[in-house]
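Student: how would this look folded up:
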Amino acid sequence: FDYHSNNTQNYSNDSKFKIGFEIEKSEMPKFNFCKHDILDNTGFVLEKDSSVEDGFELISPILDLYDQKILSHFEKVRSFIDIPYISNAGGHINVSIKGKTSSETLLALNGWLPLIYALYKGRANGTYSIAKKVSSLLTDTDKYQSVRTKPNGVVEFRIISAVREFKQLEFRIKLFQIMFENLGTSFLEILQLVTDPKHKLYKLLTQDIYKDLIKFNSLITTAIKFEKDLEGVYTIN
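Tutor: Have a look, this model is predicted:
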């Protein structure tokens, strides 16, 4: 479909916490498919996107963040998710809270921004996802900033990197579930969760790439640097 085709489906069942994924790939599938069948059978939309001119963007339905079977939706389109080429691609995540404006939701997630920026620091100064403090995110109209408020209470996390493999989706879903369980939490309180071996945030972060203590400590240090930066736009390298 063309860009912004308005085909996005709503599978959230009017849940309080909603989430949706945009999965960009820089090459077309090497197998046959019908965009209409994909939409009708899975709720996913295949669209053109200028940032991946030779590829596509796979847009998920709006989902209940706490649906116990949320991953089953992505299993249906795994052949698209497993396409390896992701040059210039992103993995935007859209979230919302029932009854909240996008500004209210972003303010409630403010304490999480330094950690998110540290997790995806390679995109923090990128052309399409410039990292800023929450005050700038709320007032600037720049389309290409790290986090963007959108109509209908939606907050778009543009800084999230491309989906390289299926298991990254599970990590990101669990991360956002923890974030929404801890709305309004300060960065200092989040640091305490990150470093508590009994907390599921610590367990989530250290189950894969951050098993390495040096990398884990570097993640924490980078998050602290983001938090302490006093400029309107972050400049962490």
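
Student: element containing Ser96?
Tutor: Counting by DSSP states H and E, the element that carries Ser96 is strand 93-97.

Student: now that strand: buried residues?
Tutor: Buried positions in strand 93-97, judged by neighbour count with 16 or more other CB atoms under 10 Å: 93-97. The way it works is simple: take the backbone N, C-alpha and C, and place the C-beta from them, glycine included.

Student: with pLDDT and distance to Leu183 added, can I get those residues in a markdown table?
Tutor: Listed next are the buried residues of strand 93-97 as a markdown table, based on pLDDT from 0 to 100; distance: CB to CB, whole Å:
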| residue | pLDDT | distance to Leu183 |
| --- | --- | --- |
| Ile93 | 98 | 16 |
| Asn94 | 98 | 17 |
| Val95 | 98 | 11 |
| Ser96 | 98 | 13 |
| Ile97 | 98 | 8 |
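
Student: for Ala223, which non-adjacent residue is closest in space?
Tutor: Ala118 (3.9 Å; CB to CB, 6 or more residues apart in numbering).

Student: just confirm that neighbour is within a helix.
Tutor: Yes. Under DSSP: H, G, I helix; E, B strand; the rest coil, Ala118 sits within a helix.

Student: closest to Thr127 out of the buried residues of strand 93-97?
Tutor: Ile93 (18.8 Å; CB to CB).

Student: touching, the closest one and Val154? I think so.
Tutor: No. The pair Ile93 / Val154 is not scored as a contact, 10.5 Å apart, by CB atoms under 8 Å.

Student: measure the residue nearest the centre of the chain to Met28 for me?
Tutor: Centroid check for the chain by CA atoms, centre = their mean gives Ile93 as the closest residue, at 3.4 Å. Per CB to CB, to the nearest Å, Ile93 is found 23 Å from Met28.

Student: so which bits of the helix or strand bottoming out on mean pLDDT in the chain are buried?
Tutor: Among the helical and strand segments of the chain, the one scoring lowest on mean pLDDT, DSSP states H and E is helix 134-139, with a mean of 92. Buried residues in helix 134-139, counting neighbours by 16+ other CB under 10 Å, are found at 136-137.

Student: from the contact counts, what lies against that helix?
Tutor: For helix 134-139, the elements it packs on are helix 102-108, strand 147-149, judged by 3 or more CB pairs under 8 Å, 6 or more residues apart in numbering; DSSP states H and E.

Student: can you give the distance of the shortest one from its chain's centre?
Tutor: Centroid separation for strand 147-149 versus its chain: 11 Å, with CA atoms, centre = their mean, to the nearest Å.
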